[in-house]
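J.: curious how this folds, go ahead:
(2 chains)
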Amino acid sequence: MDDIDAMFSDLLGEMDLLTQSLGQETLPPEPLRSPKQEIDFSIGFTGLNASVNELEDNDLDALMADLVADLNATEEKLAAEIQGLDVPPPSSSSDLPPPPKGLSHQPTSSVTSPSSPGNNYSNSVTTPSSSTASPLPPPPPQSAKPTMEEIEAQLKADKIKLALEKLKEAKVKKLVVKVLMNDGSSKTLMVDERQTVREVLDNLFEKTHCDGNVDWSLCETNYELQLERTFEDHENLVEPLLAWTRDSENKVLFQERKDKFEVFKNPQNFYLWKKDKKTLKDMKDKDKELLVQENFCGTSIIVPDLEGVLFLKEDGKKAWKQRLFQLRASGIYYVPKGKTKSSRDLVCFIQFDNVNVYYGKDVKNRYKAPTDFCFVLKHPQIQKESQYIKYLCCDDAWTMNLWVTGIRIAKYGASLYENYKTAEKKAAVSSALWTNRSTPSSSSSSTPSPTIKAKAPAQANGHAPKPQAGPPLQGIGNLPPPPPNDFLPPPPPDPVLPPPAPSLASKPAPQRQQPSDLPPPPLSMDSLPPPPPPPPMENSLEDPPDFLPPPPPPTSYSSLPPPPPPAAGFGRNPNQSLPPPPPEPEFLPPPPPDPVILAPGAPPAPPPPPPPPAPVSIQRPAAQPRKMPPVPPKRTTPMLSGGGGGGGGDFMSELMFAMKKRTDQ
Amino acid sequence: MAAWDLSVTVEDLGSDAPPVTISVASDLHVGGVIVKLVEKTQIKRDWSDHALWWEQKQQWLLRTAWTLEKYGIHADARLVFMPQHKPIKLGLPNGKTLQLKACFSNPVFQTVMGICRMLNIRHPEELSLLRPVEEKKKKKDKDLAEEIYDLTEVPLSSVSRPCLYNGMPAHFADSEQMEDVYKMLSITQPPPAPEVIAKQYRPASVVDKAHINGRWLDSSRCLKKQGIQENDRLWLRFKYYAFYDMDPKYDVVRLTQLYEQARWAILLEDVDCTEEEMMLFGALQYHINKVSLTEPQTLSSSAALDDLESALMSLEVKMEGESSSASEMLENMTAPELNDYLKIFRPKRLTLKGYKQYWFKFQDTSISYFKSKEESIGEPIQQINLKGCEVAPDVNVTAQKFLIRLLIPAPEGMNEVYLRCENEQQYAQWMAGCRLASKGKSLADSSFQSEIQSIRSFLAMQKTNSGSSNNAAASDESINTHSLVSPRYHKKYKPKQLTPRILDAYQNVAQLSLTDALMRFLQIWQALPDFGLSYVVVRFKGSRKDEVLGIAPNRLIRIDLGVGDVVKTWRYNNMKQWNVNWDIKQMAIEFEGNVNIAFGCVTADCKIVHEFIGGYIFMSTRSREKSDTLNEELFHKLTGGHEAL
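T.: Residues are numbered from 1 along each chain as shown, chains lettered A, B, ... in the order given. Predicted coordinates:
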């Protein structure tokens, strides 16, 4: 244990040093990227050939910082692993197993996931969270004691899992990606295999200080084929980049693309394209909204009703042939010669499962196309001239836009709309943030923050009163490490807590310190008890799904090992017969801090709790007043964040949802 | 006031019994008449559901406080005293017939509400009753074979406030027969025999499709007034294609019946679709049937715990998905592999060599091959990653041909590779592996075994189908694939030709749960361009030829019969007002921007068209008013026409 603690604090110290030495811009990336996986440098460099050579100095600095962080993380991890595996005794004591994991992870990958959200939040949030977390640690051990054997077995299993997870993590690919900006400059990022385009965009917003409007996109260009397409926000970035050939001159661009979400801004242009231009232009906002509702919010996504004559370049041939094409949800069809347009006579031209849609450039010259308004369908892995690439030419740019958008709707369906809503939220928050932001430097540590910010609005809806916590907290600049911040609820108590926070920053496990802080909580409880607890839950749970701060999510996934034990316990206990060990620890914690309080809190938690203990415990934190919060922070948070990284958030939010629904009823 | 004799026929005395005569005065209220009547019959029973029906005026005397004078009843009035609820035979979307007591005295809208309450279908406003299409009955024995599910014994009082027991309304828990009825309602029917599909009436044109819409009953008038008699047959169908708040948890019956209606719409080509879509619908039907047999409907215990339970369930499922247990992980680490001698052929290399045998190894998502088993330790001759590839079967069981066609993407294009397996067993395994790998899943994926299983069952189908296709034994493993597609494809393809095509589509849906599969079916149905259109033949003002008006949930379309194409679209949200001239049976609609249209209805009463349009506008108001109670008044206001006022 001590060793680990020491290592942890060392690590944190190192990170602090790094942050200080590096410009703000560079710092943010560190925490994010540090997700501990062994980095696959070779992939990044070789795959993207030239990019490394062209790196600018400060890019290199940033990268180095990342790498150092990564290395540290890996070392940490290894140490933790070894410790965990070698020393059965420590692990057997119920407390130890979780803490080591938590510690090791936090500095490394696991920490990032929870922390990053918190960090992003502008440090204010972080302090409170740490304070809340502290009280619980002791209780879990006690509770666990009853069934030592079971616990040991569980621990062993957990450790195996942990080790396996680490192995898996080691496989995670990372790429160094050079992104071209509009002004011709470039930024270099390290992108994790598990990061979505949305996360990378958020990262770029932070780096470039752009306005973050919904049109910002990442695009890929294929030099050899002269193709171009906008990545969808939900896509993973690394996968398509891996399809590039070694010597490719393909590029990734960061630019505003009006066509990306145009369909949600002016749906009439796509769904009522047959109407005359004037009616389309004069469309009322109310009617636009209705169109989006009709086509994207029903049980089924409706694809625009497109039909028209297009020129097709036949497989490998030079000639362009005209055909009457029709777009349907299931694919593109054409009307064979001499047949009617009736559905049953249509011949399937292509389905979208295995192809992406691209804009073709310079097709008139290259392929003697009738027009330059060409869209292309091909398997993403095809990088060179091939008969398997389908070229379709339209009469004008507008028609081409219709088809490309229509195909995207058919291919991506609901995801497209989700992306839009997320982007909108983000844009609203980031524009608001710009005005408020006083010291960029303080925020620097929180590169991932963009994602977190998005949450803020969501919170507002759920728990309006909380926000105040922010100002006091900001004072603590170093908080980034405390990542646990996810639990915004704590903020109220914060004023009291601030003092501990500083120490926390240096120490790996901020949460623990707080046990002594209990006094403040009572105060807060009286005033705002209910609010604090819910936020933590929601944040920790919901955030990952919605915002997926770039770094945290990956880490959370990768960090699963630590969380898995708890998470696993969670999931299973309810379903199974409540294996006492895991659930109990969580339950028990509350009693120690303030037994009396719990009782009141518990009643609200519906009667169902008794049968499925696990679920109850989860719910309580959310529903109950502050007492619960402490519990979640210590154990649960790390666990949740880690385990939940992938699915945890979902379950939790589902549970929350279910509970809410129930109470409503 | 002077007393006079009023004679009333009491139905319960039998049809031959003479009318009962009572002495009344004009200021006697209807309730008083009933009391006298009951006293006179001297029958002791529950008369509470009975009411007076005025034959000449075709009118119920439901206001018991009104006097005879107020109703205008004189001695010459022919009154009938009878129950308001009478049995009818109700044809359900799934083709089954239910006998139940329906209300004959309230507007059909309320009658449908009552029926839906009894059947546990939410949002009754989406359904309505229509007169069935006459079936030509050829054989008497067929008639006898029809099973009628009886719900007439359900006390009306218990239906008014349904409480759930075992996840179903309590009245279904009374006996085993009742439970069977509920099963029939809530579990999908097996695919119909191809002959059954072929025998059903299929509309051949838009005009044919328009005729069915002339059969809808008037929602604002009662059954009795529309000439419906006791024990008549009516169909219950979803009329408005705007399905609000579909929740599989509460909508078991609704979802099942909607699926059945959609399935028949596809099978009978009521909604047009492409061949590819038909194959997908076929695959989903196959899958739904298979899953509903193996995964018996879990009647959820208490509704209160449902949310929690399902949340926990998905929690568990997801955790499993993340492979949370250590043993599972270990399994993952020591990834299973396949090793065998197979034959490979690359059609693109213009060699005539044909198939060559190598030792193949399937690991993770890649296939590698070696000269021989002995050399499999070294470097493979080639390694092929199947991620993102296309996999197609080429199988002929009778000819013992088991071919896997792979189309593998590479930077230069797609490479075609054929793998030839020796036997069924080997084929099923390697095919399953290829399928999973193409989606980026390894052999360790939990779906590997079920994938093998489904490939085998499709092979089995091919076997049985290659024999006599008449013997469509509906055992789950061997469905005649003709049961899954419309008759058009019966002619186009033999069952064994259909099998691989449906299997092909099946691989994308094979992992869906029952509910998800049902929902997917409905989603694809709803995404069809012609979905939700109810047709009526109309004649536009100033036009000399018949045209077709299509009524959709959000718009009206005008179809030119000559061209067969949509010539005009009007959306409801641009509608300013609409009027009906009941005398000349003409509808006039005004849209924003001074667009006015007017038409007379040819194949349906204009009340039906009026009700369709008003109904859809009503449906669109539901999302705004979040309340659970149905705004019946608004519905009648929008659909009732002059009679409602």
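
J.: use CA for all of it now, contacts and neighbours both
T.: Noted.

J.: contact partners of stretch B:337-348?
T.: For stretch B:337-348, the external contacting residues (C-alpha atoms under 8 Å, 6 or more residues apart in numbering or on different chains) are B:354-364, B:415-422, B:430, B:443.

J.: before we move on, what about stretch A:298-306?
T.: Outside stretch A:298-306, the residues that touch it by C-alpha under 8 Å, 6+ apart are A:270-271, A:294-296, A:326-329, A:402-403, A:406, A:409-410, A:413-414, B:523-524, B:526-527, B:529.

J.: contact partners for whatever residue of chain B ends up closest to chain A?
T.: The minimum distance from chain B to chain A, using C-alpha to the nearest C-alpha, falls at B:P411 (4.0 Å). Counting by C-alpha under 8 Å, 6+ apart, B:P411 touches A:243-245, A:381-384.

J.: between those residues, which is closest to B:Y149?
T.: Nearest to B:Y149 among these is A:Q381, at 57.1 Å by C-alpha to C-alpha.

J.: in three-state terms, label the closest one for me.
T.: What DSSP: H, G, I helix; E, B strand; the rest coil gives for A:Q381 is coil.

J.: ok, it - how many residues close by?
T.: 25 (other C-alpha atoms under 10 Å in any protein chain shown).

J.: hang on, it packs against B:A410?
T.: Yes. Judged on C-alpha atoms under 8 Å, A:Q381 makes contact with B:A410 at a distance of 5.7 Å.

J.: give me the nearest residue to B:F448, chain neighbours excluded.
T.: Of all residues not flanking B:F448 in the chain, B:A432 sits nearest, at 6.4 Å (C-alpha to C-alpha, 6 or more residues apart in numbering or on different chains).

J.: same thing with B:L533?
T.: Nearest to B:L533 is B:A552, by C-alpha to C-alpha, 6+ apart, at 4.7 Å.

J.: which pLDDT value belongs to that neighbour?
T.: pLDDT, B:A552: 95.

J.: cool, B:I479 as well?
T.: 73.

J.: from the contacts of stretch A:298-306, which land in strands?
T.: Mapping the contacts of stretch A:298-306 onto strands (DSSP state E) picks out A:326-328.

J.: so which of these would you say is closest to chain B?
T.: Of these, the one sitting nearest to chain B (C-alpha to the nearest C-alpha) turns out to be A:R328, at 7.4 Å.

J.: so what's that closest one bridging to?
T.: Beta-bridge partners recorded for A:R328 (DSSP bridges): A:G331.

J.: make CSV out of the ones in strands among the contacts of stretch A:298-306 and add neighbour count and pLDDT.
T.: Below are those laid out as CSV (neighbours: other C-alpha atoms under 10 Å in any protein chain shown; pLDDT from 0 to 100):
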residue, neighbour count, pLDDT
A:Q326, 23, 95
A:L327, 21, 96
A:R328, 26, 95
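
J.: got these as CSV, with distance to B:W235 columns?
T.: Shown next, in CSV, are the ones in strands among the contacts of stretch A:298-306 (distance: C-alpha to C-alpha, whole Å):
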residue, distance to B:W235
A:Q326, 36
A:L327, 35
A:R328, 32
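
J.: show me which residues of the stretch 351-500 of chain B sit near chain A.
T.: Neighbours of chain A within the stretch 351-500 of chain B, by C-alpha under 8 Å from any C-alpha of the partner chain: B:388-390, B:409-414.
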